[in-house]
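**Student:** I would like to see how this sequence folds:
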Amino acid sequence: MIQIAITAGGTEEPIDGIRKITNMSSGSLGWHCLEATLERMHEKGISDFLIHYIKTPRAITKALKEKNKRFVNFINVTNTQSVYDSIELLMNREKIDIFIHAMAISDFAYTYSAPIVDLSEELHKAFSENIDISKKEIETILTNPKSKYNKEGKVSSQKEIIMGFKTTPKVISLIKKMNIDSFLVGFKLIKLDGAEREAKLIEEAEKLRVTNQCDAVFANESSDLSVENHSGLLLHNGEVIARPIGKRQIAESIVNLAIKEALK
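**Tutor:** Below you'll find the model as predicted:
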């Protein structure tokens, strides 16, 4: 059986029971990849395959045709840690032949909120009591201050606050560690200004490929994002092989390459 994993949507990092930090990703490119995979497999007459579609709550999801339902396994996730855990569990159980990692993952997760005036007082007291306070001791206070709000309750809006964040686990780096033979497609979105934009875009895509052992990377610049004219570069082993325009064409280019390489 050919097994494909596709991630879609934007992760959500909770602040309290009401607020959360997320991003603008709709998950539509991931869904286009799902549809393109179903179409291409049917065109090739392949029926022994399964798509594991890992999606966040706000990711676009459409009704599947009855004939396609048995080919898709939906996996629901929320924050970055849940994505990491779900992928680790999936790849421990199944041999994933193709992994299209289109999800917009948060680089940081919320840790605390503290009133600025209270945190300032806490730091002032620490300096007053120990003029030779070390960098490590200061870091400890800033990482986990006594003046922080209770994480279980709603963050108060009565005072100006400062927020703390920690880095999240790098999901894409997990994939090849779990299965070196998976055909991995990564995505790189950056903001560039000035001349030589394409050269810089390729350079950043290559960094992603080398660091995470991606087989292919779709790279685009933030100004190239729009509903009608979403565009970018598809690179395979560091070489530009396509310049698709529109999410449908982007998805088809990615899926066509991935299936061709996986079936070799």
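**Student:** looks to me like N73 is in a strand.
**Tutor:** Yes. Under DSSP: H, G, I helix; E, B strand; the rest coil, N73 falls within a strand.
**Student:** now it, which residues is it bridged with?
**Tutor:** H52 (DSSP bridges).
**Student:** please look at it and H52 and confirm they touch.
**Tutor:** Yes. Contact criterion Cβ atoms under 8 Å: N73 and H52 qualify, at 4.9 Å. All C-beta atoms are positioned from the backbone trio N, CA, C, and that covers glycine.
**Student:** which of the two has more neighbours?
**Tutor:** H52 (20 against 14; other Cβ atoms under 10 Å).
**Student:** contacts only, for the more buried one.
**Tutor:** The contact partners of H52, taken as Cβ atoms under 8 Å, 6 or more residues apart in numbering, are 3-6, 73, 75, 90, 94, 96.
**Student:** in PyMOL, how would I select just the buried ones from those?
**Tutor:** Only the buried entries of the contacts of H52 go into this PyMOL selection, using 16 or more other Cβ atoms under 10 Å:
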select buried, resi 3+4+5+6+75+90+96
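**Student:** pull the most distant pair out of the contacts of H52.
**Tutor:** By the measure Cβ to Cβ, these have their two most distant members at I6 and E94, which lie 13.7 Å apart.
**Student:** for the stretch 151-264 of the chain, give me the ranges with low pLDDT.
**Tutor:** 152-153, 194-195, 223-229 (pLDDT under 70).
**Student:** do a quick rundown of the strands in it.
**Tutor:** All strands of the stretch 151-264 of the chain, identified by DSSP state E, counting those that start in this stretch, fall at 161-167, 183-190, 216-221, 233-236, 239-242.
**Student:** and the last one, what's buried?
**Tutor:** If I follow you right, that is strand 239-242. Applying 16+ other Cβ under 10 Å to strand 239-242 flags A242 as buried.
**Student:** return the list of helices and strands in contact with it.
**Tutor:** Applying 3 or more Cβ pairs under 8 Å, 6 or more residues apart in numbering; DSSP states H and E, we find strand 239-242 packed against strand 233-236, helix 247-262.
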